[in-house]
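J.: this one's structure only:
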């Protein structure tokens, strides 16, 4: 039976979503095209009806995953983001988690096109984080958090999750890394948002 254009588009979107999760869980080299298509419910031969190469799918799946983390972050203040991101739940939910934390190490060894998707996705996330939060009680805390602070916060948050994941699941260090980094990042955010003491004039 002939597949309609609309159905073909839905099939492609399903393949991309499936690939995004598998890549986050196993890395770009950890899953082949045949296994990926089987996981999506299609035959291996159907892959090239949708994509020119695995690299094309990698770029599209990464862009999709990066857009998802930005969408899930909308409405969160930086502190809320850190609480959710630097957590055991996120650490353990690799397949459903953030593409940045799951695949930045892999992306660093990929062609410029895929790196470009990461740059665009990170920029999108920073833009969302710079948008004032609508959550009651967050406005005063978040209004002074500038781009420099957000980049520092995001880099520390991503690094914390990556370091924790590098440890065995049952290792006390896996939890310690998350707990220490979350506490320090939140303290840093509180400091730059206006809790720091006013600068004193130098003595005469």
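T.: Cool, the structure landed. These figures come from a predicted structure and were not determined experimentally.

J.: which residues are contacting the helix or strand harbouring residue 165?
T.: Assigned by DSSP states H and E, residue 165 belongs to helix 147-166. Defining contact as C-beta atoms under 8 Å, 6 or more residues apart in numbering, one finds that helix 147-166 is touched by 78, 81-82, 85-86, 90-91, 94, 97-98, 100-101, 104-105, 122, 125-126, 129-130, 145, 173-175, 177-178, 181-182, 184-185, 188-189, 192. (C-beta placed from N, C-alpha, C; glycine too.)

J.: now for the chain, the helix or strand with the poorest mean pLDDT.
T.: One helix or strand of the chain scores below all others by mean pLDDT, DSSP states H and E: helix 139-142, with a mean of 46.

J.: following the helix ranked longest in the chain, which helix or strand comes up?
T.: When the chain is parsed with DSSP state H, its longest helix is helix 5-26. Sequence order places helix 33-40 as the next helix or strand after helix 5-26, per DSSP H and E.

J.: can you give me the mean pLDDT across that next one?
T.: In this model, helix 33-40 has an average pLDDT of 95.

J.: got the angle between it and helix 5-26?
T.: Put simply, helix 33-40 runs at 110 degrees to helix 5-26, going by axes from the mean of the first three to the mean of the last three C-alpha atoms, to 10 degrees.

J.: how far does helix 33-40 sit from its chain's centre?
T.: Its chain's average C-alpha position is 23 Å from that of helix 33-40, according to C-alpha atoms, centre = their mean, to the nearest Å.

J.: next secondary structure after it?
T.: Toward the C-terminus from helix 33-40 - assigned by DSSP H and E - lies helix 54-73.

J.: what comes up buried for that next one?
T.: 54, 57-70, 73 (16 or more other C-beta atoms under 10 Å).

J.: which strands and helices sit next to the strand or helix carrying residue 100?
T.: Using DSSP H and E, residue 100 falls within helix 99-107. Applying 3 or more C-beta pairs under 8 Å, 6 or more residues apart in numbering; DSSP states H and E, we find helix 99-107 packed against helix 5-26, helix 54-73, helix 112-130, helix 147-166.

J.: could you give the mean pLDDT of that helix?
T.: 97.

J.: what about residue 80, neighbour count?
T.: Other residues lying near residue 80 total 16 when counted by other C-beta atoms under 10 Å.

J.: contacts for stretch 76-93, please.
T.: 73, 97-98, 101, 129, 133, 135, 138, 141-142, 145, 149-150, 153, 157, 160-161, 164-165, 169, 174-175, 178, 181-182, 185-186, 189-190.

J.: meant to ask about stretch 31-47, not that
T.: 11, 14-15, 18-19, 22-23, 54, 57.

J.: now it: buried residues?
T.: 31, 36-37, 40, 42, 47.

J.: what's the answer for stretch 178-189, then?
T.: Buried, per 16+ other C-beta under 10 Å, within stretch 178-189: 178, 181-182, 185-186, 189.

J.: in helices, which of these fall?
T.: 178, 181-182, 185-186, 189.

J.: please identify which of those is nearest to residue 2.
T.: Checking these against residue 2 by C-beta to C-beta gives residue 178 as the nearest, at 51.2 Å.
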